[in-house]
Each structure stands twice: as C-alpha cells, then as structure tokens.
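S.K.: Attaching a predicted model along with its sequence, questions to come.
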Amino acid sequence: MIYLSKSALLILLLASLSFVGIAQDRKIDIYEPGQRAQSFFVELGGPGFISANYDFRFQHTRNGWGGKAGLGYFSIDNEDYLTLPVQVNYLLGKNGHYFEMGAGASYIRNSYDRYDYQYDEQGWYTEYYRGRDVDNQVLGSLTFGYRKQPVDGGFNFRAGLSPILYEGDFIPYLPYISFGYSF
C-alpha cells in the first residue's frame, strides 16, 4: 500500500481538477449540445465494488460536468457489504468517446458475525457466537478512465482506474469496468 498525507491527497485532487480548467481554456473540448446525456450501468470494481449506477450531465450536453449515484451489495463468507457510491465527474471528448475523471465518496456498511473465544482448564478454546456487528465507513474515490457513450443512445461501456482513499491509506490501482445503456 502507498501512504500519502492528507495534504498530498488534496494536491493530487486539485491537480486533476485543474486539468479540466486548462482543457477549457485551450478549447480542447467542445460541449456537444443536445439532449442531456443519461445512462444506467452496472459497474464491477471502482468505488461501489459491485454496483448499479445512474449517471447524468448537469446541463443539456453530451459531455462536460455531471454526476453519478449508485447502490451496491455483495456477500462473502457470511459478511455483507452495502455500498452507496456518489461522484461528480467530467467527460472530456466528443462523438461518443470520452475521457472520464471524477471525485466522490462511497458509504460502506459491513455486517458480519462476531465470535468470542474462551479457554477451558485443558487449554482448549470454545467459541461463542455473540451476534452481528456492523462497521460503517466512508471512502474517498477518484475516477480516471475511458467512456464509450453513443451520442444517440445505446450500449454504454466504461473502463479505467478508481483510486480509493480511506483512513490515511491510498490504493491507486483499483480497476473498474461497466456495461450499461445510455439514453
């Protein structure tokens, strides 16, 4: 794991968002006017781990600023995970091919069985079921990737990396891939 200070993470986030401002000043990207782009997709990996998401643009454009919200759930070895990823993102590009970058947070609720152990006189231990415990946390997330979102709607594809920030740790290599429908 790579450990970064909070100030280094803030600098990384500001540097990535300043790229958007530079791109706008140099006219690299043009807004694609038309019906506001919206999409629904299922994402594997990324800030929701396994989630269903709704994505939309804030203005009546196919690219530019937008947001996404999702809901995820999965269970492994009697541990249940509920995820609620939310991000603000920016699509840079045109004609259905975009570079996507974003920042947001994911609420994660982890529910699991808790056991306590006691030793008897011979040194053998016995386990006692104590019930379900719940942990709640919020992870910060970034997104950098490619998005294929047809201008007239249809099949939507996304792939990239979504670095995760939590409790002072930084995981830069969490990949994601998604498939869905744009309208």
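M.R.: Happy to help now that I have it. Values in this document were obtained by computation on a predicted structure and should not be read as measured data.
S.K.: so who does the residue nearest to the spatial centre of the chain touch?
M.R.: Nearest to the mean C-alpha position of the chain, counting by CA atoms, centre = their mean, stands Pro47 at 2.5 Å. By CB atoms under 8 Å, 6 or more residues apart in numbering, Pro47 lies in contact with Thr83, Pro85, Gln87, Gly104, Ala105, Ser106, Leu139, Ser141, Thr143, Ser162, Ile164, Tyr176. Yep, even glycine has a C-beta here, placed from its N, CA and C like the rest.
S.K.: That one and His60: what is the separation?
M.R.: 27 Å (CB to CB, to the nearest Å).
S.K.: related to what we said a few turns ago, pull out the buried members of the contacts of Pro47.
M.R.: Neighbour-count burial (16 or more other CB atoms under 10 Å) is assigned, among these, to Thr83, Pro85, Gln87, Gly104, Ser106, Leu139, Ser141, Thr143, Ser162, Ile164, Tyr176.
S.K.: can you put these in TSV and add distance to Phe56, pLDDT and secondary structure?
M.R.: Converted to TSV, the buried ones among the contacts of Pro47 look like this (distance: CB to CB, whole Å; pLDDT from 0 to 100; DSSP: H, G, I helix; E, B strand; the rest coil):
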residue	distance to Phe56	pLDDT	secondary structure
Thr83	20	97	strand
Pro85	15	98	strand
Gln87	12	98	strand
Gly104	14	98	strand
Ser106	18	97	strand
Leu139	22	95	strand
Ser141	18	96	strand
Thr143	15	97	strand
Ser162	19	97	coil
Ile164	23	95	strand
Tyr176	18	98	strand
